[in-house]
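1. dropping a prediction and its sequence here:
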Amino acid sequence: MALRKPLNKDTIEAVHHKLWADAKAKHNTDYGWDVPKEERSVIDEKVRALWALSHWDGSGSAIQHLRRWSLVHGSAEWAVGNFCQKGDEKVPERRGRSRKDLYRAFERWAVEHEAEQFTTAQLAEVSGFSTQTILKYVTTSLYFSKVKRGLYEACDPHPKKKSNKSDGKVVSVRRKS
């Protein structure tokens, strides 16, 4: 996973001049300002992608490196496709879980530990969120009820219902707080 050839100032300037020459020939003009603005922007972004790629040390994914430069118009893919060896054009999969997934897992954990009491620090450690995030969450969540300052009890906001077969009434399992 490396560059096909080193990208130095001379190489980048040669590519820059070739891109402009091709654009001028395509639009049958001798002047750069006669090239449409969108195409000029694409050329500038491709050159910028080459400068960014010249700072890549060869470790990791080239696409991942170029993402940090906020390139547009597909210039990162163009630069990697034309100047990197095969295999570098793969976009690495996103690692980690989203906050939505983290909250969902934390709520499942709370249901599994119903009627147990936890401190704020314990909840922060289990959830992976900061203490401030946990404090905000437990004040608005139905999955936790406050016992006293810094101590919360896990509860299930959607309790399962049992039927009492003797009189036909449905009785809720959740206890009142």
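-> Everything's here; your move.
2. quick one, domains of the protein?
-> With domains defined by automatic domain parsing, the chain comprises 9-83, 99-154.
3. nearest to A2, of these?
-> domain 9-83 (4.7 Å; CB to CB). Any C-beta I mention is one placed from the backbone N, CA and C, and that applies to glycine too.
4. from the chain's centroid, how far away is the closest one?
-> Relative to its chain's centre, domain 9-83 lies at 25 Å (CA atoms, centre = their mean, to the nearest Å).
5. which helix or which strand is home to the nearest residue to T131 once chain neighbours are set aside?
-> For T131, ignoring the flanking residues on the chain, the nearest one in space by CB to CB, 6 or more residues apart in numbering is A124 at 4.8 Å. Assigned by DSSP states H and E, A124 belongs to helix 120-127.
6. how about that helix: buried residues?
-> Residues of helix 120-127 classed as buried: T120, L123, A124, S127 (neighbour count, 16 or more other CB atoms under 10 Å).
7. OK, contacts around the second one?
-> Put plainly, it is L123. Under the criterion of CB atoms under 8 Å, 6 or more residues apart in numbering, the contact list for L123 reads I134, V138, F144, Y152.
8. could you report the separation of it from A110?
-> Per CB to CB, to the nearest Å, L123 is found 9 Å from A110.
9. what's the overlap in contacts for the two?
-> If you check L123 and A110 against CB under 8 Å, 6+ apart, the residues they both contact are F144.
10. any stretches of this protein with poor pLDDT?
-> Applying pLDDT under 70 to the chain picks out residues 1, 73, 87-96, 161-177.
11. how about the strands in it?
-> When assigned using DSSP state E, the strands of the chain occupy the ranges 117-119, 144-148, 151-154, 161-163, 170-172.
12. pull the number of nearby residues for W33.
-> 7 (other CB atoms under 10 Å).
13. from V15, how far off is it?
-> The gap separating W33 from V15 is 21 Å, by CB to CB.
14. W109 now?
-> W109 is 54 Å from V15, by CB to CB.
15. neighbour count: those two, which is higher?
-> Neighbours were counted for W109 and for V15 using other CB under 10 Å; V15 has more, 18 against 14.
16. okay but the more buried one is in contact with L50, surely?
-> Yes. Between V15 and L50 there is a contact under CB atoms under 8 Å: 6.2 Å.
17. these two touch, right, F118 and A154?
-> Yes. F118 lies in contact with A154 (CB under 8 Å); the separation is 6.7 Å.
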